[in-house]
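S.K.: After the sequence you'll find the predicted model.
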Amino acid sequence: MEDLRKHLSSYLDTVPGLLGIVLSDREGVPMVRANLQECPEPVTKPAFLTSYTGSTQEQAGKMGLGSNTCLVAVYASHQVVHCIHMSVIVTLVAISEANTGHLTSLVDTMRPFLTDVSNAVAEP
């Protein structure tokens, strides 16, 4: 698990303003996280992560938009980007002024790594 955390940490300095990365399962249960000290801790906890996994996806489906693959929430001082890749949800926490396009592009860069993690945790 420490190797995963180190690898995840290597992405933290790739986008200015990125404060933390959390990998969780589809229910929002965190598997591994890497964050800077400035990252607000409540955002990396299950209570926050699970609030985005079910209800928001369901609402998008009810509107006839299909399933979503990425959600962005911008607050006064932070933004949170949730992206789904196979059975893993990637949560990026950044300052509100961070470039959202760079954050979502980072997830694209991480896809080979995320595929490996997803395959390792997927049910047989």
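M.R.: Happy to help now that I have it.

S.K.: So what touches the helix or strand Val22 falls within?
M.R.: Assigned by DSSP states H and E, Val22 belongs to strand 18-25. Outside strand 18-25, the residues that touch it by CB atoms under 8 Å, 6 or more residues apart in numbering are 4, 8, 11-12, 30-36, 38-40, 43-44, 46, 49, 53, 78, 87-95, 98, 103, 106, 114, 117, 121. The way it works is simple: take the backbone N, C-alpha and C, and place the C-beta from them, glycine included.

S.K.: In this structure, mark out all the helices, start to finish.
M.R.: 2-9, 46-53, 55-62, 100-121 (DSSP state H).

S.K.: Show me what Val81 is bridged to.
M.R.: Beta bridges link Val81 to Val72, Leu92 when assigned by DSSP bridges.

S.K.: which residues touch it?
M.R.: Neighbours of Val81 in contact, by CB under 8 Å, 6+ apart: Cys70, Leu71, Val72, Ala73, Val90, Thr91, Leu92, Ala94, Thr100, Leu103, Thr104, Val107.
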